[in-house]
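# I'd like to go over a predicted model; first the sequence, then the structure.
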Amino acid sequence: MKTNVSLKSYNSFGFDAVAKQFAEINEVNDLQTLIKSGELQKHKTLILSGGNNVLFQEEVFEGLVVYINTKGIKTLREDESEVIVRAQAGKDWPDFVRFCVGKGWHGIENLAHIPGKVGAAPVQNIGAYGMELKDSFLQCEAINLHTGESKVFTKEDCRFGYRESVFKGELKGRYVITSVDFLLKKSAPLHLEYGNITAYLEQNGIESPTLQQLHDAICAIRDAKLPDVKQIGSAGSFFKNPVIESTQFEALQNDYPTMPHYDEPNGMVKVPAGWLIEQAGWKGWRDEHVGVYDRQALVLVHYGGGKGHDIVELAHRIQDSVEEKFGIRISPEVNFV
Ligand code: EPU
């Protein structure tokens with residue numbers, strides 16, 4: 001265990017917070033040893049994976065950061081139509097997607113290029129371009145931070161929702177995911193219907209894309225819209241897209257006929273937070289250290305030299321102004337620590 005470790009390279013916002021204690025887990029055994037040592041009980045604990053979805057609000061994290069860095073991919077079962085593949089929690093997510101696509105395995109291709117690690121993917125049921133992690137998730141293994149015991153969570157146990165799971169909800173802070181099993185298909189229809197995928201493919205003269213071409217197209221679309229965290233700090237989408245009652249939506253549509261929207265199964269309507277934020281005049285706004293990305297208003301960015309608190313303040317100002325204009329309170333997708 002180390003002390004006073006800078007977390008700057010461990011969070012995609014690039015805030016220079018310091019962890020009072022820091023432990024790196026390179027294999028599952030390291031975690032069990034740490035649990036047995038009783039250190040977790042002594043400190044406030046934060047499990048950190050890719051750090052792509054956290055906001056360190058304070059300059060010092062007065063506790064123990066447990067950094068999960070286990071790697072590896074293993075095929076557990078394979079026949080002519082399906083494959084079950086296990087990835088360790090610390091495996092880089094975009095690498096894992098690239099690996100599966102390279103093998104011709106379908107199911108996570110639309111989740112290409114989402115920064116992060118495999119173990120964090122189920123926590124918020126990552127999603128993009130009409131696909132969610134839960135669609136290909138089979139089960140995961142997680143370790144109980146109090147007892148050190150390992151438990152298998154089925155898809156049902158995980159209670160996935162839109163950017164939600166049991167690990168973010170009632171079991172928050174109680175388990176660490178150590179590996180995830182995916183059920184992937186050797187052939188399946190491609191999902192091209194969402195967003196500007198088809199437009200992009202057409203522009204590039206691709207009529208019926210292969211799995212690899214779809215993967216590469218999604219990488220290119222994301223690159224064009226979202227900042228590269230190696231250059232500009234961010235946590236991807238900062239807010240969730242709000243889901244509102246259809247009556248509220250219809251009233252708003254009278255005033256804003258071009259408001260984009262997606263129907264939800266239960267008669268509710270999902271509205272893009274990025275659109276609301278742009279309409280409220282925030283797109284491209286910046287001060288010295290932080291701002292709202294000029295190509296995607298859902299992304300708050302850190303240009304360097306700022307503090308987590310600057311983003312907290314900006315987020316509150318955006319929430320208040322969107323609420324004032326539309327009567328909708330948007331909520332963050334990012335975890336505040
Ligand atoms: N829009 C605007 N202005 C903006 C941004 C968006 O008007 O500044 C409009 C777009 O024109 C479009 C709609 O809002 O009509 C939706 O935009 P987009 O398709 O870019 O997707 P999103 O709803 O903003 C979600 C996910 C992303 C994911 C994309 C693509 C959430 C919170 N975000 O964004 O996820 O990549 O769809 O599927 O659901 C992430 O979680 O970090 C993330 C990037």
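Great, that's in hand.

# least trustworthy helix or strand in the protein by mean pLDDT?
Ranking every helix and strand in the chain by mean pLDDT, DSSP states H and E puts helix 39-42 at the bottom, with a mean of 89.

# Next secondary structure element downstream of it?
strand 45-48 (DSSP states H and E).

# what's next to whichever helix or strand comes after that next one, contact-wise?
Sequence order places strand 54-55 as the next helix or strand after strand 45-48, per DSSP H and E. For strand 54-55, contacts defined as Cβ atoms under 8 Å, 6 or more residues apart in numbering pick out 11, 13, 15, 48, 235, 308, 311-312, 332, 334-337. Using the backbone N, CA and C atoms, a C-beta is placed for each residue, glycine as well.

# and if we set it to 6 Å?
11, 308, 311, 334-337 (Cβ atoms under 6 Å, 6 or more residues apart in numbering).

# ditto for stretch 212-229
Contacts of stretch 212-229 (Cβ under 6 Å, 6+ apart): 12, 101, 109, 112-113, 115, 190, 200-201, 206, 234, 293, 295-296, 301.

# What does the pLDDT read for K230?
For K230, the model assigns a pLDDT of 86.

# Now do the SS call for it.
With DSSP: H, G, I helix; E, B strand; the rest coil as the basis, K230 sits in coil.

# count of neighbours near it?
Counted with other Cβ atoms under 10 Å, the neighbours of K230 add up to 9.

# thinking again about what came up before, which one among the contacts of stretch 212-229 gets closest to P260?
Closest approach to P260 among those (Cβ to Cβ): Q296, at 13.6 Å.

# for that closest one, what are its contacts?
225, 274 are the contacts of Q296 under Cβ under 6 Å, 6+ apart.

# List the beta-bridge partners for whichever residue of the stretch 1-150 of the chain sits closest to the ligand.
Nearest to the ligand in the stretch 1-150 of the chain, going by Cβ to the nearest ligand atom, is A128, at a distance of 3.7 Å. In this entry, A128 is beta-bridged to M131, by DSSP bridges.

# Give me the nearest residue to the residue most central in space within the chain, chain neighbours excluded.
The chain has I126 as the residue nearest its centroid, 5.0 Å off, counting by Cα atoms, centre = their mean. Residue nearest to I126 in three dimensions, not counting chain neighbours: L133, with 5.0 Å by Cβ to Cβ, 6 or more residues apart in numbering.

# How about S81?
That would be K186: by Cβ to Cβ, 6+ apart, it lies 5.5 Å from S81.

# and the gap between that neighbour and V180?
20 Å (Cβ to Cβ, to the nearest Å).

# And for T70?
11 Å.

# what do you get for N11?
22 Å.

# now N110, what's its secondary structure?
Taking three-state DSSP as the rule, one finds N110 in the helix state.

# how many neighbours does it have?
N110 is flanked by 26 other residues according to other Cβ under 10 Å.

# cool, and P265?
Neighbours around P265, by other Cβ under 10 Å: 5.

# and what of P209?
18.

# Let's see the pLDDT reported for the nearest residue to L46 once chain neighbours are set aside.
The spatially closest residue to L46, leaving aside those adjacent along the chain, is V65, at 5.0 Å (Cβ to Cβ, 6+ apart). For V65, the pLDDT comes out at 96.

# List phi and psi for V65.
Phi and psi for V65, reported as degrees, to the nearest 10, are phi -100, psi 120.

# Up against the ligand, what does the stretch 1-150 of the chain have?
For the stretch 1-150 of the chain, the residues in contact with the ligand (Cβ under 6 Å from any ligand atom) are 128-129.

# if I look at D181, how far off is K74?
D181 is 10 Å from K74, by Cβ to Cβ.

# what touches both of those two?
By Cβ under 6 Å, 6+ apart, the residues touching both D181 and K74 are R86.

# When the two are compared, which one has more neighbours?
A direct count of neighbours by other Cβ under 10 Å for D181 and K74 places D181 higher, at 18 against 11.

# Please identify the helix or strand for that one.
Using DSSP H and E, the element containing D181 is strand 175-185.

# re the thing from before, contacting residues for the residue nearest to I126?
121-122, 125-126.

# quick one: the helices in this structure?
Along the chain, the segments classed as helices by DSSP state H run 28-36, 39-42, 93-103, 155-158, 197-203, 211-225, 246-255, 273-279, 308-326.

# residues making contact with the first one?
So that's helix 28-36. 23, 25, 143, 148, 178.

# residue contacts, the last one?
It stands for T178. Going by Cβ under 6 Å, 6+ apart, T178 touches 28, 89, 141, 143.

# Counting neighbours, which bits of stretch 264-284 end up buried?
Residues of stretch 264-284 classed as buried under the neighbour-count rule (16 or more other Cβ atoms under 10 Å) are 269-280, 282-283.

# how far is that stretch from where the chain is centred?
Chain-centre distance of stretch 264-284: 18 Å, with Cα atoms, centre = their mean, to the nearest Å.

# Same check on stretch 44-63?
With Cα atoms, centre = their mean as the basis, the mean position of stretch 44-63 lies at 15 Å from the chain mean.

# Could you break this protein into its assigned domains?
2-68, 73-185, 233-336 (automatic domain parsing).
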